[in-house]
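Trainee: quick one: sequence plus predicted model below, questions after.
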Amino acid sequence: MSTQAYYKDRLGFDPNESMNGELDKTQQGYEENLSKFKAYIALISILDIVNLFIELGQMIKSNVEL
């Protein structure tokens, strides 16, 4: 009887399966948070670009008026 089979028989679970399940949940949570972070950074970048164009437009407008 292998060690894994022993644990499964005596304890009702395979320790390797439970560890992999925890890692899968952790990895899934990490990937979800990374995706949210990337979307947040992309949004911030877009807002920065929009603000840059607004400022440039204001600078051009103020220089034309002079």
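Mentor: Happy to help now that I have it. Residues are numbered from 1 along each chain as shown.

Trainee: below-threshold pLDDT in this protein: ranges please.
Mentor: For the chain, applying pLDDT under 70 flags the ranges 1, 4, 7, 11-25, 65-66.

Trainee: for it, longest helix please?
Mentor: helix 15-65 (DSSP state H).

Trainee: list the helices and strands it packs on?
Mentor: helix 3-11 (3 or more CB pairs under 8 Å, 6 or more residues apart in numbering; DSSP states H and E). C-betas here are computed from N, CA, C, even on glycine.

Trainee: look up how far D9 lies from T3.
Mentor: Relative to D9, T3 is positioned 11 Å away (CB to CB, to the nearest Å).

Trainee: just L47 next, same as before
Mentor: Taken as CB to CB, the span from L47 to D9 is 59 Å.

Trainee: repeat that for M59.
Mentor: From M59 to D9 the distance is 76 Å (CB to CB).

Trainee: got it, and Y40?
Mentor: For Y40, the distance to D9 - CB to CB - is 48 Å.

Trainee: can you check D48 too?
Mentor: Taking CB to CB, one finds D48 at 60 Å from D9.

Trainee: do the same with F37
Mentor: 44 Å.
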